[in-house]
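Q: Sequence and computational prediction follow.
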Amino acid sequence: MSGLAAGIRLAHYDQKVCILEKHWTIGGLNGFYRLGGRNYDVGLHAVTNFTPPGTKKGPLARLLRQLRFKWEDFELSPQVGSAIAFPGVRLGFTNDIEFLRSEVARAFPAEKDNFEKLLTQLVDYDDLTQDNFGGSARQFLGSVINDPLLIEMILCPLMWYGNAREDDMDFGQFCIMFRSIFLEGFARPFAGVRLILKHLVRRFRSLGGELKLRSSVASLKIDGDRVVGVELESGEVLEGKRILSSAGIVETQRLCEDLTEKVPDQRAGQLTFIESISVLDKQPKEVGFGETIVFYNDSPTFHWRSPASGLCDTRTGVICSPNNYQYPSESGNLEDGIIRLTTIADFHSWVNLDEAEYQRQKMWWYDRSVASAVRFIPDFRSHVVDTDVFTPKTIRRFTSHDNGAVYGAPEKKLDGTTHLKNLFLCGTDQGFVGIIGAIVSGISMANMHCLKD
């Protein structure tokens, strides 16, 4: 999506743009597919950064203005309401920060004033300021909030929805995610991610942009301190004045023919997931699950790292239903009841399985992860009529990110620069995550590096 957004922005100014996509369809991790007569979204739990029509500030408003879309084009419906669930404590939140304020005051009355202080300190954070971006979010929260449990509960959804760093979170990423989830909020198009992708592709092509599918990049051709072309696996070479790469920091460096030394693998992200989709014979609210998203953790300490042993860590997870949004009355609701469950996984354990064992383990961990999740929501298992599961192996296949890392490398490059003068990063490893973040990343990098002359 960052590439599509950058392409649209540049094509608006009559630049000749070509987007290269390795696969036969668009979207990467935020894609869609059809299986057994049903449509499935992958990647999209919710669009973050939601703001109502007419809002002048914020990433969504900026995106619409810069790409010349109308608010109505994305048909976003707000969430019903979500929750953070830890043992014995549950904090609800909606797209209105006042509700979370009241929930913190109810569950942590001694922290009411400290939470207000936290909100005051986060309001004016600048997304593109590298200063203190890499500071510790835990250390910052500890300086404001006294109760360790509240700190863990605040971090849980923010890390789940946009943190490549194990155990802690970059201060800058924390500020971005806090705003996008708690100060703005969740929404979803009734038609899912395919609607957003359709609009982006149509706009890009209408402006004369070229989109080449099944066009995997083999290498970047270098002359001195500049990249002069892209060689595809087919042998075709495309030349260009500038290149934006959404492949990731490590993955982009590996394509550069001037880097003779092996790019160190340890710089790649480690955090990846399995995700299951359960199709129900009725709407989720009819089995008692009426929330949009539940972020859960089964102990007072939030665990955020690749599993030390085994294929998955089911102590924490995300439960989401695309049915539980405030869709307009004329849309009704989705035909199938859907519950999606995401759990932390270990990439290397999954990719080393043979095919038969891989299929068996998918079903085994589906059962384990659902059993973990129904401790925090009503048990829906007797209503499941179909399932599908994707793993770190799937994520690697459709993103080409090392380790199937969903949020890329822990090291972010906010200005998008690389060791070459005309090669720039956009997307996850530039630093903005999620659908809105990815689109804004493409816009920002196009503006910063390709529209100056």
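A: Yes, it's here. Residues are numbered from 1 along each chain as shown.
Q: in this structure, which spans are helices?
A: With DSSP state H, the ranges of helices along the chain come out as 2-11, 59-67, 97-107, 112-122, 137-144, 148-160, 171-178, 193-206, 249-255, 347-351, 355-373, 392-399, 434-450.
Q: so where's the stretch 251-400 of the chain uncertain?
A: Across the stretch 251-400 of the chain, residues meeting the criterion (pLDDT under 70) sit at 260-266.
Q: hmm, 90 instead?
A: In the predicted model of the stretch 251-400 of the chain, residues 257-269, 308-310, 329-335, 394-400 satisfy pLDDT under 90.
Q: so where do the strands sit in it?
A: 272-280, 293-297, 312-320, 337-345, 384-390 (DSSP state E, counting those that start in this stretch).
Q: Using a markdown table, lay out the ones you listed together with mean neighbour count and distance to residue 356.
A: Every residue, glycine included, has its C-beta placed from N, CA and C. Converted to a markdown table, those look like this (neighbours: other Cβ atoms under 10 Å; distance: least, Cβ to Cβ, whole Å):
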| stretch | mean neighbour count | distance to residue 356 |
| --- | --- | --- |
| strand 272-280 | 23 | 18 |
| strand 293-297 | 23 | 32 |
| strand 312-320 | 22 | 19 |
| strand 337-345 | 23 | 19 |
| strand 384-390 | 16 | 15 |
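Q: Nearest to residue 102 among the ones you listed would be which one?
A: Ranking those by proximity to residue 102 (Cβ to Cβ) places strand 293-297 first, at 18.6 Å.
Q: Which residues outside stretch 318-333 are in contact with it?
A: The contact list for stretch 318-333, computed with Cβ atoms under 8 Å, 6 or more residues apart in numbering, reads 41, 45-46, 77-80, 160, 187-188, 190, 192, 283-285, 289-296, 334, 337-342, 373, 376-377.
Q: From one end of it to the other, what's the distance?
A: Counting by Cα to Cα, to the nearest Å, you get 22 Å between the two ends of stretch 318-333.
Q: from here on, count from 38
A: With the count now opening at 38, the last piece we talked about shows up as stretch 355-370.
Q: Dump stretch 185-194 to PDB, keeping only the CA atoms.
A: Extracted C-alpha coordinates of stretch 185-194, given in PDB (Å, rounded to 0.1, in the frame of the first residue of the first chain):
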ATOM      1  CA  PRO A 185       2.700  -1.700  36.800                       C
ATOM      2  CA  LEU A 186      -0.500  -3.500  35.600                       C
ATOM      3  CA  LEU A 187      -1.900  -0.400  33.900                       C
ATOM      4  CA  ILE A 188       1.400   0.000  32.100                       C
ATOM      5  CA  GLU A 189       1.200  -3.500  30.800                       C
ATOM      6  CA  MET A 190      -2.400  -3.100  29.700                       C
ATOM      7  CA  ILE A 191      -1.600   0.200  27.900                       C
ATOM      8  CA  LEU A 192       1.300  -1.500  26.000                       C
ATOM      9  CA  CYS A 193      -0.600  -4.600  25.000                       C
ATOM     10  CA  PRO A 194      -2.800  -3.400  22.100                       C
END
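Q: okay, now residue 108: neighbour count?
A: Taking other Cβ atoms under 10 Å as the criterion, the count of residues near residue 108 is 15.
Q: wait, which of the strands of the stretch 288-437 of the chain is closest to residue 466?
A: With Cβ to Cβ, the closest approach to residue 466 among these belongs to strand 309-317: 15.0 Å.
Q: Partner strands of the closest one and their direction?
A: Strands that pair with strand 309-317, judged by DSSP bridges, come out as strand 374-382 (antiparallel), strand 421-427 (antiparallel).
Q: Pipe those into CSV and attach distance to residue 123 per row.
A: Written out in CSV, the entries for the strands paired with strand 309-317 read as follows (distance: least, Cβ to Cβ, whole Å):
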stretch, distance to residue 123
strand 374-382, 16
strand 421-427, 26
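Q: Those: which one's closest to residue 279?
A: Distances from residue 279 to each of those were compared using Cβ to Cβ; the shortest belongs to strand 421-427, at 33.9 Å.
Q: Now do the closest one and helix 429-436, the angle between them.
A: Calculated by axes from the mean of the first three to the mean of the last three Cα atoms, to 10 degrees, strand 421-427 forms an angle of 70 degrees with helix 429-436.
Q: quick one, strand 421-427 and helix 392-410 angle?
A: Strand 421-427 runs at 120 degrees relative to helix 392-410, counting by the same axes, to 10 degrees.
Q: sorry, back to before: ok, of the helices of the chain, where does mean pLDDT dip lowest?
A: Taking the mean pLDDT of each of the helices of the chain, the lowest value is held by helix 429-436, a mean of 87.
Q: Against residue 362, how distant is residue 345?
A: For residue 345, the distance to residue 362 under the criterion Cβ to Cβ, to the nearest Å works out to 36 Å.
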